[in-house]
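Novice: Here is a sequence together with a model predicted from it:
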Amino acid sequence: MYGVRARAAALRGWGGVGAMAVLCALALAFALLLPRTQAPAGAHTGARAGAAGGTGVAEGRQTRAEKCTDDNAQDLTPAPSGADGAVVDAIKSRTGAKRKLIVGVDQNSYRWGYRNPNSAGAELEGFDIDLAHRIARDVLGDPDAVQFKAIPTSQRISALQEGRVDLVVRTMTINCDRLGQVAFSAPYFRTGQQLLAPRSAAVTGYNAASLDGRRICVASGSTAYAKLKGDLDAGRLPGGTTAVTVPNQLDCLVRLQLGEADVVITDGALAASQAAQDPTLELKGDAFTTEFYGVAMRRGATDLVRRVNRVLADYRDNGWQASYDKWLSATLGEDSGPSKPPAPKYLGAAG
Amino acid sequence: MRGPSESGAVAVGGGGVPEQNRGAVPQTPAREQSHAQTPTHAQTPAQALTRATERAPVPAPGRPLAPAPAPSPTPARRTAFAEGVTRAREAVVTEPGRLRLIGAVLAVLVVAFGAVTAWQAADRAAAADDVLRRSQPLSSGAAGIYRSLADANTTASSGFLAGSQESADSRDRYEKDIRTAASGLVTAAANAEPGSASERTIARLNQLLPEYKGLVERARTYNRQGYPVGGAYLRYANEKMQKEMLPAAEDLYTTENKRLDADYGDATPYPWAAIALGVLTLAGLGWAQRRNYRRTNRVLNRGLVVASSFTVVALLWLVVGHAVARAGLDGSYDHGVRSLKVLHDARIASLKARGNENLSLVSRGAETVTVGGKSYDAYYYDFDKDMDRLGAGLTEAAGLANDSAGAKPVKAAEGDMAVWKQRHSAARDQDENGNFQQALEMVIGDKDATGACFDSVDDNLARAIGHEQAEFQRSAGDGRDAMSGLPVGVAVLAVLGAAGAVVGIGRRLSEYR
């Protein structure tokens, strides 16, 4: 405990005392909650949990200090670290067949996370799935130690909050709204919202002339949904525009093909996946937002976030391009430049 | 044989020998004549005179009176009705008049009894025929529509889970289900009353079925191309099925069952009106014969005996025929319809359970429900509930089965269900441990998969349903046949009986001419 105290003292003034109090309370709570059979390991884990709690508090102050804006949302993530904390320990302590990282993914996003109906097994595959395997390799030492749970777009946050999944790797945009509910890793992909419509449709981009009288399909709980709803409520789009909401972005392709919707708004990366499944559709206009995908985790799982950030730092140079070439170059183009995430910035420390 | 001094109560029961007391004839007319003359003697001459004068001349001046009441010399304004009453009263006081009246009343009673019996029996026979040939087949047909639709959907989701390895068997099964549902809808449509709720439901289902099939076909095509949008089509098709088609099919089933219950309700109640009239008619005939005996000392009057015996036969035929029909119909309800309902419900529960088992794998644990603070996979949660319903249904069906041929398949289905539960929990363990592929093998694989258990439960339930259907058909057929011929037979008997009564009374009447 002495080391912890020293570290706490290093924090400035009475804040350190506060952190200390929280630390002790956490350690006590942990020790009390642990089953009797695990008593010997209890002290050890308790100390770890205390350490994690301490740093969590310190970062909490810094997060609040740096105000979240649309421009810096992707930069509000803790610096990478390989140190295990309570969350990583809990994952590692799973035994037998349950020793797996539980990852929320999509099984409907062509080349991102989907089940190829023609492959013999029922394995999921795609760009997101590659990343999930990579994280599992780093955390549990086995790339296949992953249990995939398919989650609809609107359930990504609740699945994390309810502890149904450890992390979500599911084309999830980092933004301030969501940062209030979950924690994000550094960005691993850059995209922006775009329109998808039949080639013959007179749609030029996200503007009143193109969207008047159209039925626009968005996935509920997506950033496209938030944007469309915001613009409709504020009257920035013509009154003739209506929204059609579905659970997953791919369901929009179904609605479009059945003539139940006229235009789809989704991330360019996903819109390209939809266009790849139907040659009569095309992306209309340029992306009208800039968004970054991040791996989402439960708030407070700081050790896991740091761990994932470390994986991403390595993955960016070693693996990212190969995965892009394998899955996305066919739909997004040979040049991966526009999709490459920016150099990561972390909270507090410079690197 | 019997002395005239004996009580007239024996008159009807006197045996088959008609008018044994012919020897008494000379003496009775005398008595009767004297009786017939009684009015003149017993009543004051004045009364008799008034009546006599009224009887003959009144009709002539009476008629002009009715249309033009003003010039009438009589102080009371007599209407045609009052006139008729007066005349009837006069008719009653003379014996021939009384006899005429008695004859008319008896004839009307017998005919009315026959008519009411024929009407009530025809009503019940028609309802019994409806039960057998219309409402029960339609109720079964609606259950069949529901089953085929649910089975088609479950098969399609299995096909999706299996990916490109969808077998020819599973494709055939899906196609057969769609065909069965389509032809079931045609039968239901042909029997639906125009403008009824059933007709609208059937029209809606007819419209949704091709839509559903189109979605599944698209899903298949995209699956073959390797595009995940195929899965999205299948989800859309599943949603259409679960949210629109199955509820509509369930509505149809409920409506048809109500109609079946209503037809049973029309076929089984006792025909009290006919029975009461029958008893009243017999009492009237008995009284007339007793009166006859009292006045003439003749124990038997052929016509009245014929009328009485025909009425007795008709009444017995009605009571016995209806009792037999009722027993048959009640039996067909208890051993057929009730069992069939329970079995159909059990079959639907097993289908739903299978559908949920598949969907939990299709959705890969994405959907959850929270019950009592604990979170469950939504489809597994529903699966458990469906299995409980299946178990309860099978137990009830086993209790209702009244012979070994009916009980055997139910017992077999219970065994299959136990194995299914066992295998399912093993597959669920694999799924919850993240071994999706293994779980999939254990659910839709070729060897020792839960799919085989489901198929077996379904087959056994189909066999049990076939058996109960045959039981129903036999009992309900017996019930209906017990009443066939009853309406016509009773009508003929009544006409003959009425004729008998009229002839019998006419015979007595002729003695006054």
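Specialist: Sure thing, it's come through. Numbering: from 1, shown residues only, chains lettered A, B, ... in the order given.
Novice: which ones are touching the residue nearest to residue B:504 when sequence neighbours are not counted?
Specialist: Nearest-residue entry for residue B:504: residue B:303, 2.1 Å, with adjacent residues in sequence omitted and distances by CB to CB, 6 or more residues apart in numbering or on different chains. Quick note: C-beta positions are derived from backbone N, CA and C, even for glycine. If a contact means CB atoms under 8 Å, 6 or more residues apart in numbering or on different chains, then residue B:303 has B:500-507 as its contacts.
Novice: what element comes up after the helix or strand hosting residue B:303 heading to the C-terminus?
Specialist: Residue B:303 belongs to helix B:302-331 when assigned by DSSP states H and E. Taking DSSP H and E as the definition, the helix or strand that follows helix B:302-331 towards the C-terminus is helix B:338-363.
Novice: Let me know the secondary structure of the residue of the stretch 51-200 of chain A found nearest chain B.
Specialist: When you check the stretch 51-200 of chain A against chain B by CB to the nearest CB, the closest residue turns out to be residue A:147, at 2.8 Å. In terms of secondary structure, residue A:147 is strand; the call rests on DSSP: H, G, I helix; E, B strand; the rest coil.
Novice: For the stretch 151-300 of chain B, just list every one of the helices.
Specialist: Along the stretch 151-300 of chain B, counting by DSSP state H, counting those that start in this stretch, helices occupy B:168-191, B:197-225, B:229-240, B:246-267, B:272-296.
Novice: So which elements touch the longest helix along chain B?
Specialist: Taking DSSP state H as the criterion, chain B has its longest helix at helix B:95-130. Using 3 or more CB pairs under 8 Å, 6 or more residues apart in numbering or on different chains; DSSP states H and E as the contact test, the elements touching helix B:95-130 are helix B:27-42, helix B:80-93, helix B:246-267, helix B:272-296, helix B:302-331, helix B:450-483, helix B:486-510.
Novice: do that again at 7 Å, thanks
Specialist: helix B:80-93, helix B:246-267, helix B:272-296, helix B:302-331, helix B:450-483, helix B:486-510 (3 or more CB pairs under 7 Å, 6 or more residues apart in numbering or on different chains; DSSP states H and E).
Novice: Within range of chain B, give me the residues from the stretch 201-350 of chain A.
Specialist: When proximity is defined as CB under 7 Å from any CB of the partner chain, the stretch 201-350 of chain A approaches chain B at A:248, A:250-251, A:253-254, A:277.
Novice: again, but for the stretch 51-200 of chain A
Specialist: Taking CB under 7 Å from any CB, the part of the stretch 51-200 of chain A that reaches chain B is made up of A:97-98, A:100, A:107-108, A:110, A:114-118, A:121-122, A:147-152, A:155, A:162, A:164.
Novice: Would you write a PyMOL line that selects the buried entries of these?
Specialist: Isolation of the buried members of these (16 or more other CB atoms under 10 Å in any protein chain shown) is achieved in PyMOL through the command below:
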select buried, chain A and resi 100+107+108+110+114+115+116+117+122+147+148+149+150+151+152+155+164
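Novice: Select from the residues of the stretch 51-200 of chain A next to chain B every entry located in helices.
Specialist: Judged by DSSP H, those include no members of helices.
Novice: from the contacts of residue B:303, which would you call buried?
Specialist: For these, a neighbour count by 16+ other CB under 10 Å gives the buried set as B:500-505.
Novice: most tightly surrounded among the helices of the stretch 151-300 of chain B?
Specialist: Each of those was assessed for mean neighbour count using mean count of other CB atoms under 10 Å in any protein chain shown. The highest is helix B:229-240, with a mean of 23.
Novice: Wondering if that helix reaches chain A at all.
Specialist: Yes: Helix B:229-240 comes into contact with chain A (CB under 7 Å from any CB), by way of B:229-233, B:236.
Novice: So which residues make contact with that helix?
Specialist: Where contact means CB atoms under 7 Å, 6 or more residues apart in numbering or on different chains, the residues beyond helix B:229-240 that reach it are A:108, A:117, A:248, A:250-251, A:253-254, A:277, B:153, B:156-157, B:160, B:208, B:211-212, B:215-216, B:218-220, B:222-223.
Novice: now stretch B:414-434
Specialist: Residues from elsewhere that reach stretch B:414-434 (CB under 7 Å, 6+ apart): A:97-98, A:100, A:147, B:357, B:361, B:380, B:387, B:390-391, B:394, B:438-439, B:442-443, B:448, B:450, B:453-454, B:456-457, B:460.
Novice: Same check on stretch B:399-412?
Specialist: Stretch B:399-412 is contacted by residues B:335, B:338-339, B:342, B:394, B:397-398, B:460, B:463-464, B:467-468 when judged by CB under 7 Å, 6+ apart.
Novice: Return the closest of those with respect to chain A.
Specialist: Using CB to the nearest CB, residue B:460 is the member of the contacts of stretch B:399-412 that lies nearest chain A, at 30.2 Å.
Novice: if I pick that closest one, what's in contact with it?
Specialist: With contact set as CB under 7 Å, 6+ apart, residue B:460 has these partners: B:409, B:412-413, B:416.
Novice: secondary structure class for the closest residue to chain A within chain B?
Specialist: Chain A sits closest to residue B:434 of chain B, with a gap of 2.8 Å, by CB to the nearest CB. The three-state label for residue B:434, taken from three-state DSSP, comes out as coil.
Novice: And the pLDDT at it?
Specialist: Here, the pLDDT recorded for residue B:434 equals 78.
Novice: repeat for residue A:238
Specialist: pLDDT for residue A:238: 89.
Novice: So it lies in a strand, does it not?
Specialist: No: using three-state DSSP, the assignment for residue A:238 is coil, not a strand.
Novice: burial measure for it, as a count.
Specialist: A count of neighbours around residue A:238, defined by other CB atoms under 10 Å in any protein chain shown, yields 14.
Novice: for chain A, what helix or strand is lowest in average pLDDT?
Specialist: One helix or strand of chain A scores below all others by mean pLDDT, DSSP states H and E: helix A:39-65, with a mean of 42.
Novice: got the buried residues for the very next helix or strand once past it?
Specialist: Later in the chain than helix A:39-65, the nearest helix or strand by DSSP H and E is helix A:86-92. Buried positions in helix A:86-92, judged by neighbour count with 16+ other CB under 10 Å: A:86-91.
Novice: Where does pLDDT dip in chain A?
Specialist: Along chain A, the parts satisfying pLDDT under 70 run over A:1-66, A:349-351.
Novice: Break it into its domains for me.
Specialist: With automatic domain parsing as the criterion, the domains of chain A are listed as A:2-65, A:73-191+A:291-339, A:193-284.
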